[in-house]
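**Student:** okay, structure incoming, though there's no sequence with it:
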């Protein structure tokens, strides 16, 4: 999703990511997101998995696969994904919250493999849905 960073779509992504962060009590300084060729988000989670207590957890989002929980590894290494939420790439904040809690509790939610990437029509709908979120925020 290569869109203008000042567009309604970019503002909608900001609102969406911060709503998920708020549901998880993740402070804004622990959140990063960007709208680029592949839009993405990163939330540093305040809890660790009892299965991997020595490693921090992070919640990741990208426009292709939606949300996943991963282990923070060495800075030069790719994160190790524990589970993908699957389903709607713009899952509601409470659904993402339950997913994270289930991963932390070791209940193996979601799916182990990434969901299929969005096709062109789904990607266009994603842009529209994010822009709508920004417009909804302007009315509030």
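**Tutor:** Cool, the structure landed. Nothing here was measured: the structure is a model prediction, and the numbers come from that model. Numbering: from 1, shown residues only.
**Student:** tell me the helices and strands packed up against the lengthiest helix in the chain.
**Tutor:** As assigned by DSSP state H, the longest helix anywhere in the chain is helix 120-139. Taking 3 or more Cβ pairs under 8 Å, 6 or more residues apart in numbering; DSSP states H and E as contact, the helices and strands that helix 120-139 lies on are helix 8-23. All C-beta spots, glycine's among them, are computed from the backbone N, C-alpha and C.
**Student:** just want the angle from the helix it packs on to helix 120-139.
**Tutor:** If you take axes from the mean of the first three to the mean of the last three Cα atoms, to 10 degrees, helix 8-23 sits at 70 degrees to helix 120-139.
**Student:** other residues contacting helix 8-23?
**Tutor:** Outside helix 8-23, the residues within contact range by Cβ atoms under 8 Å, 6 or more residues apart in numbering are 1, 3-4, 27-28, 30-31, 33, 35, 39, 41, 43, 59, 61, 67, 90, 93-94, 96-97, 127, 129-135, 137.
**Student:** now do 7 Å
**Tutor:** Residues external to helix 8-23 that are found in contact with it (Cβ atoms under 7 Å, 6 or more residues apart in numbering): 3-4, 28, 31, 33, 35, 39, 41, 43, 61, 90, 93-94, 96-97, 127, 130-135, 137.
**Student:** got the buried residues for the very next helix or strand once past that helix?
**Tutor:** Using DSSP states H and E, the helix or strand that follows helix 8-23 in sequence is strand 31-34. Applying a neighbour-count criterion of 16 or more other Cβ atoms under 10 Å, one finds 31, 33 buried in strand 31-34.
**Student:** state the helix or strand in which the residue nearest the centre of the chain lies.
**Tutor:** Centre of the chain computed as the mean C-alpha position; nearest residue by Cα atoms, centre = their mean is residue 61, 2.8 Å away. When secondary structure is defined by DSSP H and E, residue 61 falls within strand 57-62.
**Student:** kind regards, and thank you for your time.
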